[in-house]
Structure formats: structure tokens, C-alpha cells
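Participant: generate coordinates for the sequence data below:
(3 chains)
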Amino acid sequence: MNVYQLLDLTGTFVFAVSGVRVAAEKKMDIFGAIVIGFATAIGGGTIRDVVLGSTPVDWLQNQLYLYVIIGAVVFGILFDRFVLKLQKALFIFDSIGLGVFTIYGLEKAMNFGLDEGFAVLLGITSATAGGVIRDMLANEVPVILRKEIYATACLVGALVFLLFKYLGMSFEINSAITISIILIIRTIAVIYNISFPEIKKK
Amino acid sequence: MNVYQLLDLTGTFVFAVSGVRVAAEKKMDIFGAIVIGFATAIGGGTIRDVVLGSTPVDWLQNQLYLYVIIGAVVFGILFDRFVLKLQKALFIFDSIGLGVFTIYGLEKAMNFGLDEGFAVLLGITSATAGGVIRDMLANEVPVILRKEIYATACLVGALVFLLFKYLGMSFEINSAITISIILIIRTIAVIYNISFPEIKKK
Amino acid sequence: MNVYQLLDLTGTFVFAVSGVRVAAEKKMDIFGAIVIGFATAIGGGTIRDVVLGSTPVDWLQNQLYLYVIIGAVVFGILFDRFVLKLQKALFIFDSIGLGVFTIYGLEKAMNFGLDEGFAVLLGITSATAGGVIRDMLANEVPVILRKEIYATACLVGALVFLLFKYLGMSFEINSAITISIILIIRTIAVIYNISFPEIKKK
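Facilitator: Coordinates of the predicted model:
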């Protein structure tokens, strides 16, 4: 297993844990937590693969993902109190997950011959659609549609990655920079409480 | 038409009727009932086929499903009062539908070369995702995420089916046992009012 | 670019603008408006292509759609007040969009060898599923499930198109008639405030 795959599994784990948090807030049972954990972790990649026609979708091809997600759900349920104390660590891993998923989605779309605009779009989709599905299952307006800087961070990251890719930077360094940028944007947004203005309704 | 296909169509019919019940509770019009009936009946199989890459998806290949679903919606609307009295019969057919869909999803996934863990997962998805979509369309937190023993019955059924399959039991007997187990688990759960505990929020 | 493609892009534009309206009502930020605008514009076609197995899905193959949708979102946000005054013009373009999407979905499904019943179904799905996804993202019961004559107009249009197609009418004239019928049905429904009765709950 390389560093990249390890990050991908880490992102999957953290996304699944975020699903369990939402399930707990909604007073779901264990099964609900498993479903939401799963949907959060694999939702974005599934939509990416399905619209590309890359089937069976990625996560069906490596049983490791199944175990990581189930492990994350069990972890999230057993150590619920602990998870709440881990907010800062989870925030960092979550941002890393966003970066890894964005880069992977972008690269995969380009390997399928898509134009750059769509590759960026599918990169962002890979990273964010799982959270959208999580919130829809919980019967909430998806949080990224309301006040998160979440997807914007992915957009900036994707554009930077694309730029450096064309400038010939190595994949490893480019990835490290992209993930760092996403982490920094989200950190700044949280510290200074920045969010986009609502659309005015006149 | 063999017994298996007959059961499959029965499950499709009952699932569609359950969609009409939800549409009526939400005061939707006839068209809404058709959409929700359809989505409930074909949702699970569609997701299974799409993530596997088995397209055009199954139900697009046999016009019989179209007629059965439209028939179920018309039946559900015209005999609404009758349907309410039929609760016990519907419960039994619904459980049979769950069993048939679980087995079919599991077998199809294995024919696509997936590992057992994913085959079990896709079996359960085939059986339950239609109901999840039904509840999302009705703007409710999906009932199986809250307090149903629904998916757990499918999980136990799928594991039993897989075990007996490896022990060399014939498909027909194995299917009958699996469907019976799912029916029995759900019946016991209803009689003794069993459900999983909510995840505690500390 | 031919007339047909121009209409298709017009429909895409209008659908995206309708997404922005919903985003504004829900006090979403700009990013939310982009997501909802996108989902509304490409949702129906995506579901059609995915269940058919026509991948990468259509809109990933022409960057023009990306620009039209982004343009529609920017337009919708900047000229929000103007859009409200344009209700009648938007209604007409929206109906044209419905017609174009219905015809295109129907034709595509038949080219994939589907039976007529399913072709009609996929035509309607192409035209209406984007709006369903838009409302689900906004955490509302989809408006077409409640009181719109929306999908029924598409159904009538699709059946008329199919009839004239078998009678040997040219595609261009048939399309013009179909789109006109959809526009007329919706106009009459709005003027006389016609909608289907709710299903009675006894």
C-alpha cells in the first residue's frame, strides 16, 4: 500500500465517522448509522464512477473499503464521546480526505478523456457528494449548500492542482500542495468565521 | 414464467403499493403516486445495476414490470380501504419480496465477480433502497434508518443463503429457507416489538 | 449548431435558472445556487443516461453545457429581480425545455432498443427528474408530486410524438407539434387552475 492509498482510506474512515455523528444526532439505530456512514464514504466516488461509466464502481473492487467503513461505524458508535473531543484531529483528516478525493476524481475524469472543466467538476463532486447524500438521508438541507466553505476549498485546490500539473510538477509534490491549500483555506474560514453571503431574495 | 419470476413480480407489486400508501399520506396527486410507486418498486434494483454497470438496468428489459407497477398503483388508489384491511397479507408478501430481492441481488453481484461482502451488501441494497428513495421523495427520514428490523432481516437472510450455497444446497431449497427466515425474523420483531436501540448521544 | 441544439441549451439555461430561484428561497449561498442550478439542469438526462448505460453521460461530452449552466446561475443571481418579472417568458421557455427533453429522452431510449412504454417513461424522466432532485436538495416534497400538471403534459406530448412518429411524420414537424401541445396544456392548466385531485385518505 502506498501513501496515496493510505490517505484515501483515511479519508474514507473520517467521512464514515462523520456519517455516524449525523445518525446519532438524528437518533437513528445502529443500522441507520451503518447506512449513513457508508453513503457518506462512498457517495461521491459512486456518482463520479457512474456518470463516467467506470463500473463496477471503485469501492466494489477492494474489500478493504468495506472493512474500513464498518470499522469506522463501530468506532464512531463506541467512542462517540471520544470523537467529540477529537474534533480538531477529525477536521484535519477530513480536509485531507477532501483533498485526496478531489485529486483522484480530477485525475480519473481526465483519464476518461473529459475536458478540464468537467474534470474539476467531478473532482469536487467526488469530494462533496457523499456529504450531500448524508444530509439528504437525514432530511436536512445539505450543509454545503448553506454555509460551508467546503466545496470552494475543493474548487481552489482543483484549479491549483491543474495549473501545476500543466507546469510539469510531479504528482506527489502537487498533491501535497493541493491538500495543504484545502486544509489552509478551511482553517482560515473556521478561524475567521468566513462564509459566502446568502443570495438576497428581493 | 417460473416460480421465481412470479415471486419477483409479486414483490414488485407489493413494493409499489407501499409507495402509493405513502403518497396518500402525503396528500399527493395520482401522478405523485405513480412516481413514488415506481421509485419504490425499482429503486433498489436500479442502484444495484448501475453500480455494477449492468445496463440497461433490469426493469427496462421486460415491459411486464411496467404493467405490474402501473397496475399496483391503480389497485392501491382504487382499493385504498381494502389495502388497509390487507395489512397482514401485505406484510407477508412484502417479506417475500425482500427475500427475493435480497437473493437476486446477491447472486447477480457474485455473477459479476464481486467479493462476498459486497454481494451481501448489494443484496440488501436491492431489497431496501427502494423504500429509502420512497421516504426521501416524501421528505421523511427513511423508516429503515430509524426503527425497522427490515434490513437486519435481509442481512441475516443473505448470510444464511451464502452459507448454504457454499455447503452445496440447491438454489430452490436455499431460497425457500432464506425467504422463510426473513419472514420469521420480521414477524417476531413485530410481535415482540423488537427494534435496535438508538445510538446514545452523550 | 442546429435549432434542436439551441432549444436544448435554452431548456438547460431555464432549468438552471429555476434552480437558482429555489436556492434563493432557501437562503443558500452562491455555491448552493451553483449546485442546485446544475442538478436541476442535468439531473433528468443523467438518470436517463445512467440507467441506459450511455456513459460518460451526455452533458460530460460538451463543455458548452458547463458554460451555459454557470452563465444561467450567474444570470439568476445578478438579475434576480428581473427574473421575477420575466415569469411569463420563463414559463414559455421552461415548457419548450420540457418538450425538447421529453422528445430527446424518448428518441434516445428507442435508439437503445427499449420498448415504447419505457421510452415514454424515460422521456418524461429526462424532462422532470431534474426538478425532483432540485426539490429534494432543498428539502421539499417535489412539487411535481403534489400539484403540478407538469409531468402529465410531458406524458401527453410523448404519446402524441410516438403516434405521429409511427404515422411517418417528419421529426421536425412532429417535434414542433409536441412542444406546442405541452405548452398549451400547461397554459390551460395555469389559466383555469387545473390540477389532479389528491388521493383520498380514508
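Participant: tell me the contacts of the residue of chain A found nearest chain C?
Facilitator: The minimum distance from chain A to chain C, using CB to the nearest CB, falls at residue A:53 (2.5 Å). C-beta coordinates here come from the backbone N, C-alpha and C atoms, glycine included. Counting by CB atoms under 8 Å, 6 or more residues apart in numbering or on different chains, residue A:53 touches A:112, B:53, C:53, C:55, C:56, C:57.
Participant: from those residues, which one has the minimum pLDDT?
Facilitator: Among the contacts of residue A:53, residue C:55 carries the weakest pLDDT, at 87.
Participant: that one: how many residues sit nearby?
Facilitator: Residues near residue C:55, counting by other CB atoms under 10 Å in any protein chain shown, number 22.
Participant: that one: helix or strand, and which one exactly?
Facilitator: Secondary structure assignment for residue C:55, by DSSP states H and E: no helix or strand.
Participant: surely it touches residue A:48?
Facilitator: No. Taking contacts as CB atoms under 8 Å, residue C:55 lies outside contact range of residue A:48: 11.3 Å.
Participant: can you pull the buried residues of stretch A:45-52?
Facilitator: A:45, A:46, A:47, A:48, A:49, A:50, A:51, A:52 (16 or more other CB atoms under 10 Å in any protein chain shown).
Participant: now these in TSV, with pLDDT and secondary structure?
Facilitator: Shown next, in TSV, are the buried residues of stretch A:45-52 (pLDDT from 0 to 100; DSSP: H, G, I helix; E, B strand; the rest coil):
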residue	pLDDT	secondary structure
A:45	92	helix
A:46	95	helix
A:47	95	helix
A:48	94	helix
A:49	94	helix
A:50	95	helix
A:51	95	helix
A:52	95	helix
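Participant: just give me the closest of these to residue C:33.
Facilitator: Within the buried residues of stretch A:45-52, proximity to residue C:33 (CB to CB) peaks at residue A:47, which comes in at 19.7 Å.
Participant: how near is the closest one to chain B?
Facilitator: 10 Å (CB to the nearest CB, to the nearest Å).
Participant: ok, residue A:141 next?
Facilitator: Applying CB to the nearest CB to residue A:141 and chain B gives a distance of 11 Å.
Participant: any idea which element that residue lies in?
Facilitator: Here residue A:141 is assigned to no helix or strand, by DSSP H and E.
Participant: who's in contact with it?
Facilitator: Neighbours of residue A:141 in contact, by CB under 8 Å, 6+ apart: A:135, C:26, C:28, C:137, C:138, C:139.
Participant: ok, now residue A:42?
Facilitator: Counted by CB under 8 Å, 6+ apart, residue A:42 has contacts A:12, A:57, A:59, A:65, A:69, A:130.
Participant: quick revisit: quick check, nearest of the contacts of residue A:141 to chain B?
Facilitator: residue C:139 (6.8 Å).
Participant: correct me, but the closest one touches residue A:139?
Facilitator: Yes. Assessed by CB under 8 Å, residue C:139 is found in contact with residue A:139 at 6.7 Å.
Participant: what sits in contact with each of those two?
Facilitator: residue B:139.
Participant: still on that earlier bit, within reach of chain B, which of the contacts of residue A:141 are there?
Facilitator: residue C:139 (CB under 8 Å from any CB of the partner chain).
Participant: Provide a ChimeraX selection command restricted to the buried entries of the contacts of residue A:141.
Facilitator: Burial among those is assessed by 16+ other CB under 10 Å; the matching ChimeraX selection reads:
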select /A:135 /C:26,28,137,138
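Participant: which of the contacts of residue A:141 sits closest to residue A:160?
Facilitator: Using CB to CB, residue C:28 is the member of the contacts of residue A:141 that lies nearest residue A:160, at 25.6 Å.
Participant: so the closest one makes contact with residue A:145?
Facilitator: Yes. Using CB under 8 Å, residue C:28 is in contact with residue A:145, at 4.9 Å.
Participant: quick check: neighbours shared by those two?
Facilitator: residue C:36.
Participant: give me the residue ranges of chain A where confidence is low.
Facilitator: Scanning chain A for pLDDT under 70 picks out A:1, A:147-148, A:195-202.
Participant: in it, what residue comes closest to chain B?
Facilitator: residue A:55 (2.6 Å).
Participant: contact partners for that residue?
Facilitator: By CB under 8 Å, 6+ apart, the neighbours of residue A:55 are A:49, B:50, B:51, B:52, B:53.
Participant: next up, the contacts around the second one.
Facilitator: Residue B:50 makes contact with A:50, A:55, B:57, C:50, C:51, according to CB under 8 Å, 6+ apart.
Participant: distance of the second one from residue A:127?
Facilitator: The span separating residue A:55 from residue A:127 equals 20 Å under the rule CB to CB, to the nearest Å.
Participant: hmm, residue A:36 and residue A:17 touching each other?
Facilitator: No. When contacts are counted by CB under 8 Å, residue A:17 is not listed as touching residue A:36 (10.8 Å).
Participant: stretch A:124-138: how far from the chain's middle?
Facilitator: 8 Å (CA atoms, centre = their mean, to the nearest Å).
Participant: which of the residues in the longest helix along chain A are buried?
Facilitator: Longest helix in chain A by number of residues (criterion: DSSP state H): helix A:87-111. For helix A:87-111, a neighbour-count test (16+ other CB under 10 Å) marks A:90, A:93-110 as buried.
Participant: kindly report the same for stretch A:166-183.
Facilitator: Applying 16+ other CB under 10 Å to stretch A:166-183 flags A:174, A:175, A:177, A:178, A:179, A:181, A:182, A:183 as buried.
Participant: what does stretch A:62-72 contact?
Facilitator: Residues outside stretch A:62-72 that contact it (CB under 8 Å, 6+ apart) are A:9, A:12-14, A:16-17, A:20, A:34, A:37-38, A:41-42, A:59, B:115, B:117-118, B:121.
Participant: any of those buried? List them.
Facilitator: A:9, A:12-14, A:16-17, A:20, A:34, A:37-38, A:41-42, A:59, B:118, B:121.
Participant: looking at these, which are in helices?
Facilitator: If you go by DSSP H, the buried ones among the contacts of stretch A:62-72 have A:9, A:12-14, A:16-17, A:20, A:34, A:37-38, A:41-42, B:118, B:121 in helices.
Participant: could you dump those residues to TSV with distance to residue A:151?
Facilitator: Formatted as TSV, these follow (distance: CB to CB, whole Å):
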residue	distance to residue A:151
A:9	23
A:12	19
A:13	21
A:14	17
A:16	20
A:17	20
A:20	22
A:34	26
A:37	21
A:38	22
A:41	18
A:42	18
B:118	29
B:121	28
